[in-house]
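Undergrad: Sequence first, predicted model second:
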Number of protein chains: 2
Amino acid sequence: MFLSKRMAIIGVGLIGGSLARVLRQQGEVGEIVGIGRTEPNLRRAVELGVIDRYCQNPCQGVQGADLVFLATPVCSIASVLEKIAPFLAPGCIVTDGGSVKESVVAACERLMPAGTFFVGGHPIAGTEQSGVDASFDALFQGKRCIVTPTDTTDKHALRRVESMWECAGSEVVRMDAHKHDRVVAAISHLPHMVAYSLVNAVEAYDRLDESILKYSAGGFRDFTRIASSDPAMWRDIALMNGTAILEMIDSFSNCLGMLRTLVEQGDAAGLEKFFAESKRSRDAIL
Amino acid sequence: MFLSKRMAIIGVGLIGGSLARVLRQQGEVGEIVGIGRTEPNLRRAVELGVIDRYCQNPCQGVQGADLVFLATPVCSIASVLEKIAPFLAPGCIVTDGGSVKESVVAACERLMPAGTFFVGGHPIAGTEQSGVDASFDALFQGKRCIVTPTDTTDKHALRRVESMWECAGSEVVRMDAHKHDRVVAAISHLPHMVAYSLVNAVEAYDRLDESILKYSAGGFRDFTRIASSDPAMWRDIALMNGTAILEMIDSFSNCLGMLRTLVEQGDAAGLEKFFAESKRSRDAIL
C-alpha cells in the first residue's frame, strides 16, 4: 500500500531530503522526483539515493505526480505553486513545509486548479544545517507536525498528508493557521529574534570594550546557537510572520521591562519570584 | 609539593565540591575540611570522599587552615568572611568563587587581618545542578577562571590561587574587578535575564491562548535551559551586579528595538544584514 506512486519534492534540502529518505525507507513511495535550481545538489541527492531522478524545471518535474511537497523557502512557496499549478495531474495533492501558514495557505488555496487539493503543513523539526547532505531519515521522528486545514480542505487529502507525516514518525496536530502563526512566533520566531539581538548587543559592547566574547563559556554558546541559523531564511520568516512576531516582541519586552525595574529597585523578593515562576514553567516542559 | 596542608572549603556544593575533588585527585592538598550549614550534605561529602571531615561552625572550621575557599552564595561571602576573619591562621590565603567581583573584593580586602591575604576569583564554569552530589572533578577542566587582583593584592598569594585553578585544569585570566563585572554581565547575566523573561512572556501568552508551550521543540528547550537555574542564586547576582546588568539590558533592548523596526517596516535587506552580522559573530566563537 503506497502513500504515493510518484512524489515530487521541490527543494531537496534538509527538510525535503529528510522526508524523501524516511518515506523511501518506509516503502511508502514508488518514485521520488527531486526538483530544484542547484544541479550539483540534485545530483548529490541521486548519488545518496534520496531521490530517484531530478528535474530542474518544476513544471516538467511535477507531471504525473500524485503528491507534491513544497520545501522551498517560505517566501517562494506561493510563486512556485503558481508556476506548477497548470501542470498538476488531476487528483494531485500538494502540501508544504513552510513555517508561516496563514498567508501561505490562503494564497495556495486560491491557486489550485479544480480537482487538485492543497493542505498546509509545518513539521516542527530542523537543525542549523542545510542542504541534502544534512538530511537524515530520523529528522521528524518523535516531533510534532502541525497541519492547518481550512473549511474548504478536502478531507481525503488531509488524511493522506497526515498519514505522510505519521509515516515520517511525527505526531500530527491540526490547528487553525492563524493560531499556528502565533504559536510558532512564541516558541520559535521570538527566541530567534532574541538570540540574534543578544549576539549583536554583546558584539557592539565588545567593540567598545576589549573582546568580551572570548570569555564566553558553554552557557553563552548554547544560548546563542540558534543565532547561527540561515539569515536569508529568517529574513523571509520575519517578513512573512511580522504581525505575530511584533506582538511577541512586545510581550517579551514588557516582561524584560518588569525585570529591569526589579533590578533597578533592588527588589529581592520580586526578583526571586520572577525567576522562580520562570523556572517552574521551564521545568514543566522538560 | 602541596598546594595546601589544610584547606577549608566553606560551601560544599557544586563548585566547592568539584574543587575539592580535583585538588585531592591531583594530590595537591593534605587535608580538606568542609564547612556548611546543612549537616546531611556535609555527611554526604565525607561519604563521597570529597572532604576529610566537616565542621558546621565556620570559626572552628577554618582554624589551622593555610587556604580557605569561600564557595557560599555571592551575597554572603563578605558576611562569612567577617565572622571567620579573627580565627584565620597567620599567612592564611582566602579566595572566593563569587560571580560578582568589584563589591565583593572591596569588602573582603577591608576585612582581612594583618598577615593574611585575600585574592578574588571566579571560575567560569557551572551546570544547572547544585549540591555535593552534582560535583565532579572535571568541572573546571578547559574552562577559564578569572582572578581579580588589586593594587594591594599580595603577589605570592595571587600566584598560589592561580596555581590552584591551574591544578583544577583551568586557564587563568587576570582582570580588573570592574571589567570582570561588565564581562560577566554581558556573557552570562544578560542571557539569564533574557531567558527568564522569555519563558515568562511565553507563559503569560500561554494563559491567554491555549497551551503554546507544549508545542515547543528542542530549540525552545535548549534556548531556555538556563531559565531552570536556581532563583535564589540569580536573585543575589541581580542584586549584586545590578548596575552592569541594567547597562547590558539597555544595550540589548536597543538592539531588539532596531530589529523590531526592521520587522515593522518589512525591510528585507536590513533584516538579512542584522541576522548575518549576528551569525558571523556567533560562528566566530564556536
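TA: Okay, I see it.
Undergrad: Please identify the helix or strand for A:H122.
TA: According to DSSP states H and E, A:H122 maps onto strand A:121-123.
Undergrad: right, is the helix or strand that comes right after that strand up against chain B?
TA: Proceeding N to C from strand A:121-123, the next assigned helix or strand is strand A:144-147, under DSSP H and E. Yes - Strand A:144-147 is in contact with chain B by C-beta under 8 Å from any C-beta of the partner chain, via A:144, A:146. C-beta: built from backbone N, CA, C; applies to glycine.
Undergrad: Can you tell me what sits against strand A:144-147?
TA: For strand A:144-147, contacts defined as C-beta atoms under 8 Å, 6 or more residues apart in numbering or on different chains pick out A:101, A:119-125, A:158, A:161-162, A:165, A:168, A:170-175, A:180, A:183, B:215, B:217.
Undergrad: Now, the residues you listed that are in strands?
TA: Members of the contacts of strand A:144-147 lying in strands (criterion: DSSP state E): A:119, A:121-123, A:171-174.
Undergrad: out of those residues, which one sits closest to B:G16?
TA: A:E171 (43.8 Å; C-beta to C-beta).
Undergrad: who does the closest one bridge with?
TA: A:R144 (DSSP bridges).
Undergrad: Tell me the confidence at A:A284?
TA: pLDDT, the model's per-residue confidence, is 85 for A:A284.
Undergrad: Not counting residues beside it along the chain, what's closest to it?
TA: Leaving aside its sequence neighbours, A:A284 sits nearest to B:L213 (C-beta to C-beta, 6 or more residues apart in numbering or on different chains; 7.4 Å).
Undergrad: ok, the one you found touching A:I187?
TA: Yes - with contact defined as C-beta atoms under 8 Å, B:L213 reaches A:I187; the gap is 7.2 Å.
Undergrad: Looking at the two, which is more packed in?
TA: Counted by other C-beta atoms under 10 Å in any protein chain shown, B:L213 and A:I187 do not tie: A:I187 has more neighbours, with 26 against 20.
Undergrad: quick one: low-confidence ranges for the stretch 1-150 of chain A?
TA: Residues of the stretch 1-150 of chain A that meet the criterion pLDDT under 70 lie in A:1.
Undergrad: How many neighbouring residues does the residue in it positioned nearest to chain B have?
TA: Using C-beta to the nearest C-beta, A:I124 is the residue of the stretch 1-150 of chain A that sits closest to chain B, at 4.6 Å. Neighbour count for A:I124, taken as other C-beta under 10 Å: 23.
Undergrad: ok, now A:P40?
TA: Using other C-beta under 10 Å, A:P40 has 9 neighbouring residues.
Undergrad: still on that earlier bit, could you spell out the sheet neighbours of the strand holding A:H122, each with its direction?
TA: Its sheet considered, strand A:121-123 pairs with strand A:144-147 (antiparallel) by DSSP bridges.
Undergrad: Stretch A:28-42: which residues count as buried?
TA: Across stretch A:28-42, burial judged by 16 or more other C-beta atoms under 10 Å in any protein chain shown covers A:28-29, A:32-36, A:41-42.
Undergrad: what about the helices in the stretch 151-286 of chain A?
TA: Applying DSSP state H, counting those that start in this stretch to the stretch 151-286 of chain A gives helices spanning A:155-167, A:177-184, A:190-208, A:218-223, A:231-240, A:242-265, A:268-284.
Undergrad: ok, of the ones you listed, where does mean pLDDT dip lowest?
TA: helix A:218-223 (a mean of 77).
Undergrad: Which residue, other than its chain neighbours, is closest to the closest residue to chain B within the stretch 101-250 of chain A?
TA: Relative to chain B, the nearest point of the stretch 101-250 of chain A is A:P231 (3.6 Å; C-beta to the nearest C-beta). In space, and not counting its chain neighbours, A:P231 is closest to B:F275: 3.6 Å by C-beta to C-beta, 6+ apart.
Undergrad: Can you give me every residue that contacts A:V22?
TA: A:137-141, A:167-169.
Undergrad: Buried ones among these?
TA: Among these, those scoring as buried are A:137, A:139-140, A:167-169 (criterion: 16+ other C-beta under 10 Å).
Undergrad: Give me the domain ranges for chain A.
TA: A:4-175, A:179-284 (automatic domain parsing).
Undergrad: Please convert those to TSV, extending it with distance to B:V68.
TA: As requested, these are arranged in TSV below (distance: least, C-beta to C-beta, whole Å):
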stretch	distance to B:V68
domain A:4-175	45
domain A:179-284	25
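Undergrad: Give me the common contacts of B:L213 and A:I187.
TA: B:V202.
Undergrad: And the closest residue to A:G169 other than its chain neighbours, how far from A:V22?
TA: Sequence neighbours aside, A:Q141 is the residue nearest to A:G169 in space, at 3.7 Å (criterion: C-beta to C-beta, 6+ apart). In this view, A:Q141 and A:V22 are 8 Å apart by C-beta to C-beta, to the nearest Å.
Undergrad: anything in contact with each of the two?
TA: A:168-169.
Undergrad: check contacts around A:A185.
TA: So A:A185 contacts A:241, A:244-245, A:247-248 (C-beta under 8 Å, 6+ apart).
Undergrad: any idea which element the spatially most central residue of chain A lies in?
TA: Residue closest to the mean C-alpha point of chain A, counted by C-alpha atoms, centre = their mean, is A:S99 at 3.9 Å. Following DSSP H and E, there is no helix or strand that holds A:S99.
Undergrad: before we move on, the earlier item: could you give me the PyMOL syntax to select whichever of the contacts of A:A185 are buried?
TA: Here is the PyMOL selection string for the buried members of the contacts of A:A185, based on 16+ other C-beta under 10 Å:
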select buried, chain A and resi 241+244+245+248
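Undergrad: Nearest residue to A:L88 in space, ignoring adjacent ones along the chain?
TA: Once flanking residues are discounted, A:L88 sits nearest to A:T116: 4.8 Å by C-beta to C-beta, 6+ apart.
Undergrad: who's in contact with the one you found?
TA: Taking C-beta under 8 Å, 6+ apart, we find A:T116 in contact with A:85, A:88-94.
Undergrad: Pull the contacting residues for A:N200.
TA: Contacts of A:N200 by C-beta under 8 Å, 6+ apart are B:255, B:274, B:277-278, B:281.
Undergrad: Same check on A:R235?
TA: B:268, B:271-272, B:275.
Undergrad: repeat for A:A232
TA: Counting by C-beta under 8 Å, 6+ apart, A:A232 has contacts A:73, B:272.
Undergrad: how close does it get to A:I249?
TA: Taking C-beta to C-beta, one finds A:A232 at 21 Å from A:I249.
Undergrad: Same question for A:L259.
TA: From A:L259 to A:I249 the distance is 16 Å (C-beta to C-beta).
Undergrad: same check, this time on A:F223
TA: 18 Å.
Undergrad: Tell me how far the residue lying closest to A:A185 once chain neighbours are set aside lies from A:V184.
TA: Leaving aside its chain neighbours, A:A185 sits nearest to A:A244 (3.6 Å; criterion: C-beta to C-beta, 6+ apart). Per C-beta to C-beta, A:A244 is found 8 Å from A:V184.
Undergrad: do the same with A:L81
TA: For A:L81, the distance to A:V184 - C-beta to C-beta - is 21 Å.
Undergrad: again, but for A:G142
TA: A:G142 is 18 Å from A:V184, where distance means C-beta to C-beta.
Undergrad: Counting neighbours, go ahead and name the busier of the two.
TA: A:V184 (26 against 9).
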